[in-house]
Every structure is written in structure tokens, then in C-alpha cells.
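J.: model the following, please.
(one chain, ligands or ions: 1)
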Amino acid sequence: MFLTKEKGQIQVSELSLYFSCARKLYYSCRGYEPVSHSSFSYIGHLILKEMAMSYPYVLKDSSSKDDVTFEDLDNLLLQVLDNIKMIYPVEMEYVTAEILDKVADDLRTYFPGMQQGLSAHAKDTEILRLSETLCLHDSEPFLSSEKLNMIGMPYRLAENGVSLSPVIIKTGNPPENGVWLNDRLHITSFAMLAEDMNGRPVNSGYVLYARSGLFRNVIIRSTDRRYVLQAIGRVRKIKEGKMPDKKESALCDTCIYSEMCHVKPSLISKFF
Ligand code: SF4
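T.: Numbering: from 1, shown residues only. As a prediction, the model looks like this:
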């Protein structure tokens with residue numbers, strides 16, 4: 001589903017980019033895309049995301065005594081490779097079979113970690129119950145809040161009778177424990193949307209880390225809700241044209257905007 005926006009409306013994906021780096025959002029919403037979307041890492045990200053969407057089915061079908069095998073994951077990967085061009089025809093337009101083979105070989109190096117994560121979950125009743133719930137729906141739910149003037153689509157909104165839990169997929173490495181701060185804020189944004197739509201509190205959610213096959217539970221905290229509300233106001237200002245200060249971080253080393261970001265602000269307008 002495509003998200004149509006009203007004036008001043010923001011998407012949760014824009015908030016997520018802001019959590020990563022406010023400057024990135026500034027460049028992105030002005031349409032500056034210095035690297036082709038069909039880069040090797042972007043294709044890998046899309047394939048991993050598609051694979052992760054099927055993890056709940058892998059878990060649902062596995063017996064608690066069985067480990068998830070290399071073969072299970074390879075079958076899943078081959079199935080995704082078969083469909084990927086139909087799901088992302090624009091992004092895949094110039095991607096050759098050789099490139100897809102290389103990306104697939106690279107993804108196979110994550111299989112031991114995925115097997116370990118999914119095999120542990122196959123013996124975890126809470127995650128098995130969650131997987132069964134996730135398998136009941138086959139599309140991303142559209143969430144919208146007039147009060148926040150915000151829209152977004154998480155991977156799923158799991159319902160266990162009394163409570164709702166947004167679930168998102170991330171394709172980067174997970175932290176040793178818990179979830180990254182940005183991922184927690186991302187989940188909190190969806191929780192606030194879901195609450196406003198459904199009129200009941202959302203107290204937790206899950207991040208599914210595709211590379212390691214791990215579901216991580218997130219408790220929604222008041223401090224994160226407050227931060228999300230502040231961030232919504234800041235994102236609106238950035239979209240209206242306010243350039244945020246540059247914040248040096250480890251992300252800058254691999255950032256696609258780094259060349260532009262190192263130019264003095266007065267010169268940046270010349271790029272647009
Ligand atoms: S170079 Fe650093 S500060 Fe600039 S956009 Fe990238 S991550 Fe943000």
C-alpha cells in the first residue's frame with residue numbers, strides 16, 4: 001500500500017531516519033540520493049527483509065525438538081530470490097543474475113547465526129505463540145493518527161486478545177542484549193500510532209533482527225514517548241527547510257551523504 005500524505009503529515013519512516021541522523025532526513029526529504037538504490041547492500045537488505053517476513057512461518061512449522069536447518073534457510077532464500085524482481089521491479093530493474101548470486105552467497109554467511117536464533121525461538125513458547133499470531137495476517141497494517149498527524153506501516157500489529165504489539169524488521173546487526181535505542185524509538189512511534197487508532201494502551205512491541213533470526217521484546221517507556229513527541233515537531237521543521245546541526249558519529253564513516261555533509265552549510269544550497 002502507498003502512503004498518501006496530507007499537509008504537514010509525517011511518516012514513521014521519516015521519524016526513523018531522524019532518529020538515525022537529523023541531517024540524513026534533511027538530505028533525504030530534498031530528494032538527494034547520491035547512491036543508486038540498487039547497491040549491493042541495498043539488495044541484500046531487501047532480500048533479508050523478505051526472508052524475515054517468513055520467519056514466523058518457519059517457526060510455526062518447526063517442531064520444538066527440531067533445529068532450523070541450513071536447508072530450511074536456503075529454501076527460503078531461493079524462494080525469495082524467485083520473487084524479488086516481482087516485488088521490487090524498480091529497485092531490481094538493472095540487477096543481473098550474477099549480482100543476485102553474489103548477494104545470495106553473502107547472505108548465506110549469516111545462516112549459522114540465523115539458525116542459532118531461530119532454533120532457540122523454536123523452543124520458546126512465547127515466541128511460538130507470537131509467530132502463530134503473526135501468521136494470521138499477511139499484510140502490513142496501515143496505521144494513522146489525526147492527533148499526531150502521522151501515518152506508518154509496521155511489519156505487523158500482533159494482537160493477543162488483550163494487547164497489541166507492533167513488530168518491525170531490522171536488517172542490521174542486533175546489540176548483544178535488548179535493542180538499539182533507535183529501534184526502540186521506532187517501535188514507540190508505531191505504539192503511539194496504534195494506541196491512538198485503537199483507543200487502548202500499547203505497552204510493548206518486538207524488533208525482529210533478520211540477520212540473526214532474533215525477536216527482541218521492547219517495553220514502551222514514557223521517556224521514549226516524550227522523545228518521539230519532541231522528534232515529531234523537529235521532523236516537521238526539517239521538512240519545512242530547517243537544516244539541523246551536523247552531529248559527528250560512527251555513522252558518518254559510511255554515510256552516503258558524507259561528502260555533501262562536510263561542505264559548509266552556505267554552499268549546500270548549491271547542490272539542490
Ligand atoms: S555524514 Fe554524519 S552528520 Fe552528515 S548526514 Fe551522514 S551521518 Fe549525518
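J.: use CA for all of it now, contacts and neighbours both
T.: Will do.
J.: show the pLDDT at Phe215.
T.: Listed pLDDT for Phe215 reads 98.
J.: swap that for Glu6, sorry
T.: Note for Glu6: predicted pLDDT of 63.
J.: ditto for Gly161
T.: Note for Gly161: predicted pLDDT of 76.
J.: which element is it on?
T.: Under DSSP states H and E, no helix or strand contains Gly161.
J.: need the residues of this protein near the ligand, please.
T.: Residues of the chain lying close to the ligand (CA under 6 Å from any ligand atom) are Cys21, Arg23, Lys24, Lys246, Lys247, Glu248, Leu251, Cys252, Cys255, Tyr257, Ser258, Cys261.
J.: now do the same contact list for the third one.
T.: For Lys24, the contacting residues are Leu17, Tyr18, Tyr257, taking CA atoms under 8 Å, 6 or more residues apart in numbering as the criterion.
J.: hang on, the earlier thing: can you tell me which of the residues of the chain next to the ligand are buried?
T.: Among these, those buried by neighbour count (16 or more other CA atoms under 10 Å) are Cys21, Arg23, Lys24, Cys252, Tyr257, Cys261.
J.: the fifth one and Gly205, how far apart?
T.: Looking back up the chat, that one is Tyr257. 31 Å (CA to CA, to the nearest Å).
J.: now the third one
T.: Between Lys24 and Gly205 the computed distance is 26 Å (CA to CA).
J.: state the phi and psi torsions of the residue in the stretch 51-200 of the chain that the ligand sits nearest to.
T.: Using CA to the nearest ligand atom, the closest approach of the stretch 51-200 of the chain to the ligand is made by Asn182 at 13.6 Å. When read as degrees, to the nearest 10, the backbone of Asn182 gives phi -60, psi -40.
J.: right, and it touches Tyr18 too?
T.: No: checked against CA atoms under 8 Å, the pair Asn182 and Tyr18 is beyond contact range at 9.3 Å.
J.: so where is the stretch 51-200 of the chain shaky, pLDDT-wise?
T.: Residues of the stretch 51-200 of the chain meeting the criterion pLDDT under 70: 63-65.
J.: can you give me the helices for it?
T.: Using DSSP state H, counting those that start in this stretch, the helices found in the stretch 51-200 of the chain span residues 55-61, 70-87, 97-108, 111-121, 125-134, 181-198.
J.: now do the third one against helix 111-121, angle only.
T.: Angle, helix 97-108 to helix 111-121, by axes from the mean of the first three to the mean of the last three CA atoms, to 10 degrees: 50 degrees.
J.: quick one, helix 97-108 and helix 70-87 angle?
T.: Going by the same axes, to 10 degrees, helix 97-108 is angled at 140 degrees with respect to helix 70-87.
J.: what's in contact with helix 97-108?
T.: Here helix 97-108 makes contact (CA under 8 Å, 6+ apart) with Phe40, Ile43, Gly44, Leu48, Asp74, Leu77, Leu81.
J.: now render those residues as a markdown table, adding neighbour count and distance to Pro56.
T.: As requested, these are exported to a markdown table (neighbours: other CA atoms under 10 Å; distance: CA to CA, whole Å):
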| residue | neighbour count | distance to Pro56 |
| --- | --- | --- |
| Phe40 | 15 | 26 |
| Ile43 | 21 | 22 |
| Gly44 | 19 | 20 |
| Leu48 | 22 | 14 |
| Asp74 | 15 | 16 |
| Leu77 | 19 | 15 |
| Leu81 | 18 | 19 |
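J.: as TSV, the residues you listed with distance to Arg216 would be great.
T.: Below are those laid out as TSV (distance: CA to CA, whole Å):
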residue	distance to Arg216
Phe40	27
Ile43	24
Gly44	22
Leu48	17
Asp74	24
Leu77	22
Leu81	27
